[in-house]
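K.L.:
Pasting the sequence and the predicted model now:
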Amino acid sequence: MTAIKHALQRDIFTPNDERLLSIVNVCKAGKKKRNCFLCATVTTERPVQVNVVKVKKSDKGDFYKRQTAWALRDLAVVDAKDAVKDNPEFDLHFDKVYKWVASSTVEKNTFISCIWKLNQRYLRKKIDFINVSSQLLEELPKVAEESVPSGENQSVAGGDEEAVDEYQELNAREEQDIEIMMEGCEYAISNAEAFAEKLSRELQVLDGANIQSIMASEKQVNILMKLLDEALKEVDQIELKLSSYEEMLQSVKEQMDQISESNHLIHLSNTNNVKLLSEIEFLVNHMDLAKGHIKALQEGDLTSSRGIEACTNAADALLQCMNVALRPGHDMLHAVKQQQQRFSDLREQFARRLASHLNSVFVQQGHDQSSTLAQHSVELTLPNHHPFHRDLLRYAKLMEWLKNTDYGKYEGLTKNYMDYLSRLYEREIKDFFEVAKIKMTGTTREGKKFATLPRKESAVKQETESLHGSSGKLTGSTSSLNKLSVQSSGNRRSQSSSLLDMGNMSASDLDVADRTKFDKIFEQVLSELEPLCLAEQDFISKFFKLQQHQSISGTASEVEEMDGGALVRSYTSGVPQTISSEKDMIRQMMTKIFRCIEPELNNLIALGDKIDSFNSLYMLVKMSHHVWTAQNVDPASFLSTTLGNVLVTVKRNFDKCISNQMKQMDEVKISKKSKVGILPFVAEFEEFAALAESIFKNAERRGDLDKAYIKLIRAVFVSVEKVANESQKTPRDVVMMENFHHIFATLSRLKISCLEAEKKEAKQKYTDHLQSYVIYSLGQPLEKLNHFFEGVEARVAQGVREEEVSYQLAFNKQELRKVIKEYPGKEVKKGLDNLYKKVDKHLCEEENLLQVVWHSMQDEFIRQYKHFEGLIARCYPGSGITMEFTIQDILDYCSSIAQSH
């Protein structure tokens, strides 16, 4: 340990002017043992600084390095863990607790004892020692004390440091003298004891010589003592002078202290003045409103652009002054309170003036816009509100200021705007829809042409008036409208009404031009409403400073299946709802301003449906397109929601028309005295499908039409079979054959992809019933011959050999010749001619299937002829019996009969 102390002193502490007093080999408690050294050191320069230094051996192992140092004055507690038992653990409490484990208890006790002595001398007992033996703190332990390597005889316990190091390093001169002395003695190394005795003898000789020299110089000693006494007197005189100087310096120190205190007070006063000036400048700069701004707020012109700009700047300046972040204590100043009160009065005064002016602008807009309604009354256009919006947008910043400063007046302005504008828009929209209805029905508003209208057109006018009268009942539900439509359609529908009728008007009263006209009018109505709503919504957002990006909540919804997806119909319940976002406020404002759009659209749709139920197809396509366009712009906008609600009504009308047509098919009756031919609903399905394909040609969504197709075609199939089963005049096969041929031709021509399966089914039914009709009809011209050969086939089936059939009494050769003689060529031609006339009587002219059926009958007749000849050859071999006509005769008969008719 002494060598380590010497190495640490030499390498680490001597270069830093420090002396190493104590050392202990330690490692951290509870961790992997990595040894280091804790050293207690003092500086050699004054003032003395005492440190505890952590020294660690380098990784290479050939030198030590200083890792951490703590000042002893920062040490609060020394915890030895146990004052009775030997325990190598101890804790040192600096900024945190450091837990150490010493290599031995002796080293630990020595180190703690050194710390205690340094605490006693330099720190005035500031450190607390706990769990330390009292004997350890009273005297040095009995173990050999290690002195500092400098060799000074001073102890850290008393006032003199008396710990002497056992090892003292030789200087270079001493090493040289020893080497010279050892070189002069031959046995200095081989016989160390003899060399030591020699040195001892020489030392005694030198001591004696030294004593003699001292005794000889006693006189010089006395002189030296006298000189020392004189020096002491001089020292006393110097001390007296120093004392006087010290008293003088003390008075100077007191004066300097007074001057320093005075300078401190002056500096403090200057600092306070600077801070006070800063606070005053802050209040003046941030709470002083220019006179021009005050004048603008009190008397500024709110009609001109320059005046509005001045008022806007003044309002912004006032808002900045009112919203300035006051520092602590400012709100207690009387001047600040007065200024704040003045600002509040200015704000209230300007808010009242602004609200009053804008209210008057809203009222004036209602009067000015009303004057322009006359010029739009005869045109299917809506008045343009852009100039009004442009004028009002000049006040947008002032509205934002009002929203931030006085929300109550802002809400009042919002309510007044909705009230005035809702009345204005209601007048404009009702007049607009009145013009649209007049253009649809082709009459004037006064109804002067009622007297000259046809009967059915007058009925439409009466229905239109009744519909207008009940427009208030059409909002919220379409049940009353459906009931009215069903009743009116039931009164006008005859048993043979067509699909074009749909319970309203006959097809002869309407043509393509009328439907195109309705389509254009309906498109014009939607095209006028869309920009109007979008422009108003955009203006509301900008003028009232409302954002359009948040989701909508708090509305109930009604979901209805539509076109393979779901159409959501939203409606607001009667319970007051909290506006959770600014977008909700936009929707509420738009709903109140345009509250008449949805009922007016529903009235127009009901009128179009009454004029011609085919209009529901046009309305469904147009409305779906506009809803799709609106949802792409903003799915939650007022326009998107309103058009979506109206689209539900259009879809219901469309579904109702399809249902009514299917009901008509179920109720159809046919005449018992005339042939059936092509059924009316089959022909009308063709017309419906052709028109629907033209309408839905470029539509984004046609799922509803495909569903309607499937429902109608299945109903047509069922109704055709029903009529065929009930037919008495026309054979069932003919009814089925002709109508399914017509359905197949229609579907093949229109190429409706969703009805491919039905097209194949129609073709199969047509083919099957054609074959059945041909076979049934051909059994009559050669009836006896058919019965004869049926008997032959029955005998063969019973087990009689074919060549033995001729031996049967009823089927011998004589009977066969007798039957064949009954059907000479002339009779066969006559029978075929009668058959042709009968088929011609059964078939209808419009389908033109006579030649097709006749050709099939010819093929079937030839097939039967070949079958009869085969039976004769097998059952009557070698008899020489043949038919009295040939296949060529049959072809000639059929051709001549077809040409003659």
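P.N.:
Perfect, thanks for sending it.

K.L.:
and the next element down the chain from the strand ranked longest in the chain?
P.N.:
Ranked by residue count under DSSP state E, the longest strand found in the chain is strand 18-28. Where DSSP states H and E defines the elements, the next helix or strand beyond strand 18-28 is strand 36-43.

K.L.:
partners of that following strand, with directions?
P.N.:
Here strand 36-43 is paired, per DSSP bridges, with strand 18-28 (antiparallel), strand 50-57 (antiparallel).

K.L.:
Can you tell me which of the ones you listed is most buried?
P.N.:
Highest mean neighbour count among these (mean count of other Cβ atoms under 10 Å): strand 18-28, with a mean of 21. Heads up, the C-betas are built off the backbone N, CA and C, glycines and all.

K.L.:
For that strand, give me every contacting residue.
P.N.:
Here strand 18-28 makes contact (Cβ atoms under 8 Å, 6 or more residues apart in numbering) with 1, 4-5, 8-9, 13, 33-44, 51, 98-104, 107-108, 110-111, 113-115, 118, 146, 148-150, 156.

K.L.:
what do you get for stretch 269-289?
P.N.:
317-318, 320-321, 324, 327, 330, 333, 335-336, 339-340, 343, 346.

K.L.:
can you redo those as TSV with pLDDT and neighbour count?
P.N.:
Output for the contacts of stretch 269-289, formatted as TSV (pLDDT from 0 to 100; neighbours: other Cβ atoms under 10 Å):
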residue	pLDDT	neighbour count
317	85	18
318	85	22
320	82	12
321	84	19
324	79	16
327	80	11
330	76	18
333	83	13
335	81	11
336	82	15
339	82	17
340	82	17
343	84	19
346	87	20
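
K.L.:
In those, find the pair that's most separated.
P.N.:
Of all pairs drawn from the contacts of stretch 269-289, the one with the longest distance (Cβ to Cβ) is 327 and 346, at 23.1 Å.

K.L.:
circling back: so for residue 363, which of the strands paired with strand 36-43 sits nearest?
P.N.:
Comparing those under Cβ to Cβ, the one sitting nearest is strand 18-28, at 87.7 Å.

K.L.:
Please identify the helix or strand for residue 228.
P.N.:
Going by DSSP H and E, residue 228 is part of helix 218-286.

K.L.:
Buried residues of the next helix or strand after that helix, list them for me.
P.N.:
Once the chain leaves helix 218-286, the next helix or strand it forms, by DSSP H and E, is helix 291-299. Residues of helix 291-299 classed as buried: 293-294, 296-297 (neighbour count, 16 or more other Cβ atoms under 10 Å).

K.L.:
Now do residue 163, the pLDDT please.
P.N.:
pLDDT recorded at residue 163 is 38.

K.L.:
And for residue 80?
P.N.:
pLDDT, read off for residue 80, is 90.

K.L.:
Verify the contact between it and residue 108 for me.
P.N.:
Yes: contact between residue 80 and residue 108 holds when scored by Cβ atoms under 8 Å: they sit 7.4 Å apart.

K.L.:
the more surrounded of those two?
P.N.:
In terms of neighbours (other Cβ atoms under 10 Å), residue 108 is the more surrounded of residue 80 and residue 108; the figures are 25 against 19.

K.L.:
returning to that earlier point: spit out the residues that contact residue 80 and residue 108 alike.
P.N.:
Shared contacts of residue 80 and residue 108, counting by Cβ under 8 Å, 6+ apart, come down to residue 90.

K.L.:
Would you state the strands of this protein in chain order?
P.N.:
For the chain, the strands defined by DSSP E occupy 18-28, 36-43, 50-57, 64-71, 77-79, 89-93, 97-102, 128-130, 556-562, 565-571.

K.L.:
just the buried residues of helix 291-299 now: which is nearest residue 400?
P.N.:
residue 297 (16.1 Å).

K.L.:
Without its sequence neighbours, what residue ends up closest to that closest one?
P.N.:
Counting by Cβ to Cβ, 6 or more residues apart in numbering, residue 350 is the residue found nearest to residue 297 once chain neighbours are left out, at 4.4 Å.
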